[in-house]
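> Pasting a predicted model and its sequence here:
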Amino acid sequence: MVDPTSDLGEEVDESNAPRCAVCDRPIVRDPTHRVVTWIDDGRIEVAHFCGPECREAWSGLPG
Ligand SMILES: [Zn+2]
């Protein structure tokens with residue numbers, strides 16, 4: 001059982017945080033963080049979102 005609130009030792013700051021694919025906000029320990037992965041032409045693509053609103057606003061996934 002993994003407790004998602006106890007990720008000690010994995011400090012993330014804005015300089016290496018992923019950015020929201022919609023609003024470009026750095027995502028730092030954001031509880032509403034969403035990640036979408038898909039395969040594009042054999043490569044794994046990843047998009048991060050700061051929350052469900054941006055996830056729904058996103059239209060970057062082909063198809
Ligand atoms: Zn966003």
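Nice, thanks for sending it over.

> Now do the helices in the protein.
Assigned by DSSP state H, the chain shows helices spanning 52-57.

> low-confidence ranges in it?
Applying pLDDT under 70 to the chain flags residues 1-12, 61-63.

> can you do 90?
Along the chain, the parts satisfying pLDDT under 90 run over 1-17, 28-30, 40, 59-63.

> Contact residues of it facing the ion?
Listed as neighbours of the ion in the chain under the rule C-beta under 5 Å from the ion: Cys20, Val22, Cys23, Cys50, Cys54. Backbone N, C-alpha and C define where each C-beta goes, glycine included.

> what's the most distant pair in these?
Using C-beta to C-beta, the two most remote members of the residues of the chain next to the ion are Val22 and Cys50, lying 7.8 Å apart.

> what's across from the one residue sitting closest to the centre of the chain in the sheet?
Nearest to the mean C-alpha position of the chain, by C-alpha atoms, centre = their mean, lies His48 at 2.4 Å. Beta-bridge partners for His48, by DSSP bridges, are Cys20, Val35.

> Return the residues in contact with it.
Contacts for His48 (C-beta atoms under 8 Å, 6 or more residues apart in numbering) come out as Pro18, Arg19, Cys20, Ala21, Ile27, His33, Arg34, Val35.
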